[in-house]
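S.K.: give the three-dimensional model of this entry:
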Amino acid sequence: MNVTFRGQLKLIFLALWVGSSRLCAQTSAPTNHLVIQEALVIESLGRAGRNTLFTDALEASLAAGTWTPPQAGSSFTLPDGRVQTWTHAVANSNGWFSGPEMRGGYVYFTVDATDSRVMLLNASGHGMAYVNGEPRTGDLYQYGYVQTPVLLHPGKNEFLLAPGRGRMRATVLPPRAAVGFNPGDLTLPDLLVGEAVRTWGAVVLVNATTNWTHDLELTSIWAGRTTRTPVPTLPPLGVRKVAFQIQGSTAKADAKAVVELSLATTTKGRRILDRTPVELRVRLPEQAHKRTFFSSIDGSLQYYAINPGRDLPPGVPPALFLSFHGASVEGIGQAEAYAPKRWGHLVSPTNRRPYGFDWEEWGRLDALEVLDLATARLSVDPARVYLTGHSMGGHGTLNFGATFPDRFAAIGPSAGWISFFSYAGTDSFTNATPVEQMLRRAAASSDTLALATNYLHQGVYLLHGDADDNVPVREARRMREVLGSFHHDFAWHEQPGAGHWWENSDEPGAECVDWPPLFDFFARRRIPADAEVRRIQFVTVNPGVSSRSHWLGIEAQEHSLQPSEIEAQWDPGQQRVIATTRNVQQWVLETGFMNLTTGTGLKVEVDGQKLEGLKPAEFVPKGEFPAIPGESKPYHQPVRLAKISGRWEVSSARPITHKNPLRHGPFKDAFRHRMLFVYGTVSAVLIECGDPVSC
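M.R.: Predicted structure coming up:
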């Protein structure tokens with residue numbers, strides 16, 4: 001819809017801003033805040049949602065600089081000739097606007113100011129806001145904690161908001177401090193009775209000024225212990241979630257921990273800018289609780305929840321149940337929906353947000369990080385790790401389980417949807433153009449069914465209510481149909497008359513997630529050791545996401561981001577591997593478990609070609625290999641084969657400058673390495689110079 005290249009770049013920036021900067025919070029509203037009661041509204045002018053190609057005629061006009069403020073009755077002509085009209089709307093008594101315009105349309109209102117001042121926009125139900133043309137992030141899921149500082153100019157100030165979920169409200173209010181807290185959106189640990197307190201929390205800071213702020217310090221006081229934490233620089237009109245340390249003696253069982261936070265500037269002496277109390281839960285060690293950690297992905301403070309096992313058999317390493325939450329739920333809510341297990345611990349990541357990233361992209365990385373942290377902390381049995389989840393978490397279970405097939409003994413999705421293509425109507429690009437083919441490849445990791453044969457490594461238990469009005473039961477039935485065509489270790493239960501969330505028993509735990517037959521199914525399965533796996537069928541669409549299953553890995557593709565597959569069989573008596581490949585340029589075998597006879601080496605028959613006497617690379621101690629996302633162990637004695645001029649040859653590790661599992665994937669992969677986003681604030685002047693050396 002007339003989206004220029006410049007407009008596309010702006011929309012990419014805006015999408016990244018929406019996805020990464022929801023670092024705002026809800027505070028008590030001052031008495032002189034302004035609740036917006038009247039506005040102009042218009043229905044959708046494009047096509048957004050979960051589609052790959054975002055099109056919006058109004059936003060295209062913003063990017064092109066042709067936008068003009070509307071009036072009641074003025075119209076907007078779309079490129080296809082359709083005409084939408086701006087109409088007057090009035091909010092209800094609680095300040096909510098509703099109607100068809102609130103699903104993909106726009107809301108426009110103005111605020112008059114007598115002088116230049118910074119205010120806070122506290123709106124809910126919108127994905128994006130433009131204040132005097134400046135973009136600001138939104139609160140699409142209506143949590144109410146998103147408050148963004150905005151600069152008002154003398155006279156009329158324009159607000160243009162893009163709602164998306166059926167209703168929206170907006171308030172403009174003064175900040176509580178020039179630089180201060182917004183403590184409604186906290187990341188906090190629980191304190192455990194009997195455990196010394198040395199942990200971290202995080203709180204949102206708001207810079208409601210037009211200046212950069214430096215030399216800030218955040219102080220926490222708990223149980224008589226004062227701890228000071230330096231604060232990073234805050235940009236003008238910016239918000240930033242910052243971590244603070246909490247230290248002190250052990251918490252008491254009958255108390256709640258109130259931590260007093262203060263923010264100070266140390267530029268000229270020490271001056272307090274704002275104060276706020278923060279309350280932490282105190283839990284018994286056997287209760288479900290939260291633990292915070294610093295993410296290696298971006299350095300942010302995150303948390304995961306643990307529902308500890310009870311009465312665990314002594315001397316037996318416990319199992320681990322990784323459980324993915326659904327939309328609008330957090331990790332602690334998911335963990336508390338289960339009764340404690342007597343043979344393992346339940347762990348639930350929180351996917352960065354209650355909605356998060358559908359357990360893909362950053363949600364997938366967050367889950368991998370939590371899985372590794374919890375496995376080490378809880379000293380679990382690596383052969384008894386299981387994956388489950390509900391709703392959005394059910395989708396995560398299906399996609400994550402297919403992506404990392406050797407990390408779980410069994411998976412159990414409940415009320416899960418298969419993919420964006422099947423559930424949300426995302427573009428599948430039938431008869432795709434070359435550009436559409438490129439976009440489809442970029443989203444290929446979301447195509448769960450393309451990875452379905454990886455389920456051969458796991459048991460699969462499908463659980464769904466047949467009256468589910470949120471995630472249609474057709475999703476589970478479709479997955480049952482797919483599994484039935486090749487899988488021999490899956491089970492199915494469709495609960496009669498059950499909706500999306502259901503519980504029919506007086507036993508602890510919600511049955512739609514804590515389903516006893518599901519855990520019985522788990523109990524009878526374990527992850528086999530590499531030496532116990534004779535045959536592997538493994539497929540990946542992106543080695544940068546998933547490159548390995550047991551003793552076999554795909555390190556390079558012939559055609560990037562298209563399905564790559566290997567079927568391989570290990571014959572120990574012959575010291576031979578027989579394999580067929582599809583779209584594979586380089587692959588690797590881990591031979592450490594094979595006990596190859598000295599002198600004879602390994603025989604490989606691949607795609608009809610025979611190679612003999614292959615010797616593994618020299619053993620390298622664990623820890624000297626770089627970590628590959630999603631892989632639980634490095635290659636110690638690898639044999640690598642690369643296709644050169646159509647023939648397979650023994651190869652070495654790929655150079656870091658070539659595509660490999662550590663350097664592979666689309667644009668968003670850059671954000672997993674603490675990427676710094678730099679944007680220009682002053683126009684550059686291009687000076688011609690005839691002498692490059694002197695320039």
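S.K.: quick check, Pro183 in contact with Ala202.
M.R.: No: when contacts are counted by CB atoms under 8 Å, Pro183 is not listed as touching Ala202 (10.4 Å). Just so you know, the C-beta spots here come from the backbone N, C-alpha and C atoms, and that holds for glycine as well.
S.K.: quick one: the strands in the stretch 251-400 of the chain, in order.
M.R.: Listed in chain order, the strands of the stretch 251-400 of the chain (DSSP state E, counting those that start in this stretch) span 257-265, 271-280, 282-283, 289-294, 301-307, 319-324, 344-349, 385-390.
S.K.: dump these into TSV; add mean pLDDT, distance to Lys643 and mean neighbour count as well.
M.R.: What follows is the strands of the stretch 251-400 of the chain, written out as TSV (pLDDT from 0 to 100; distance: least, CB to CB, whole Å; neighbours: other CB atoms under 10 Å):
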stretch	mean pLDDT	distance to Lys643	mean neighbour count
strand 257-265	95	59	18
strand 271-280	96	56	15
strand 282-283	94	55	19
strand 289-294	97	41	19
strand 301-307	97	41	23
strand 319-324	98	36	27
strand 344-349	98	38	28
strand 385-390	98	34	29
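S.K.: would you format those as JSON lines with distance to Gly459 included?
M.R.: Shown next, in JSON lines, are these (distance: least, CB to CB, whole Å):
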{"stretch": "strand 257-265", "distance to Gly459": "42"}
{"stretch": "strand 271-280", "distance to Gly459": "39"}
{"stretch": "strand 282-283", "distance to Gly459": "33"}
{"stretch": "strand 289-294", "distance to Gly459": "29"}
{"stretch": "strand 301-307", "distance to Gly459": "22"}
{"stretch": "strand 319-324", "distance to Gly459": "14"}
{"stretch": "strand 344-349", "distance to Gly459": "16"}
{"stretch": "strand 385-390", "distance to Gly459": "9"}
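S.K.: who has more neighbours, Pro183 and Ala202?
M.R.: A direct count of neighbours by other CB atoms under 10 Å for Pro183 and Ala202 places Ala202 higher, at 22 against 19.
S.K.: thought Asp190 was touching His289?
M.R.: Yes: in this structure, Asp190 is within contact of His289 by CB under 8 Å, at 3.9 Å.
S.K.: find residues that contact each of these two.
M.R.: Common neighbours of Asp190 and His289 (criterion: CB atoms under 8 Å, 6 or more residues apart in numbering): 281, 283.
S.K.: centroid-nearest residue for the chain?
M.R.: Residue closest to the mean C-alpha point of the chain, counted by CA atoms, centre = their mean, is Gly363 at 2.2 Å.
S.K.: need the contact list for that one.
M.R.: 351-352, 356-357, 396.
S.K.: likewise for Phe519?
M.R.: Applying CB under 8 Å, 6+ apart to Phe519 gives the contacts 321, 341.
S.K.: distance from the chain centre to the host helix or strand of it, please.
M.R.: Per DSSP states H and E, Phe519 falls inside helix 516-523. The chain centre lies 28 Å from the centre of helix 516-523; the measure is CA atoms, centre = their mean, to the nearest Å.
S.K.: in PDB, list the C-alpha atoms belonging to it.
M.R.: The C-alpha trace of helix 516-523 is given here as PDB (Å, rounded to 0.1, in the frame of the first residue of the first chain):
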ATOM      1  CA  PRO A 516      -2.100 -37.400  35.400                       C
ATOM      2  CA  PRO A 517      -2.000 -39.600  32.200                       C
ATOM      3  CA  LEU A 518       0.400 -37.100  30.600                       C
ATOM      4  CA  PHE A 519       2.900 -37.400  33.500                       C
ATOM      5  CA  ASP A 520       2.400 -41.200  33.500                       C
ATOM      6  CA  PHE A 521       3.400 -41.100  29.800                       C
ATOM      7  CA  PHE A 522       6.500 -39.000  30.700                       C
ATOM      8  CA  ALA A 523       7.500 -41.400  33.500                       C
END
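S.K.: just after that helix, pick out the following helix or strand.
M.R.: Trace forward from helix 516-523 with DSSP H and E and the next one is strand 535-540.
S.K.: just for this protein, where's the confidence low?
M.R.: For the chain, residues meeting the criterion pLDDT under 70 lie at 1-31, 47-50, 52, 427-428, 597-599, 618-632, 683-695.
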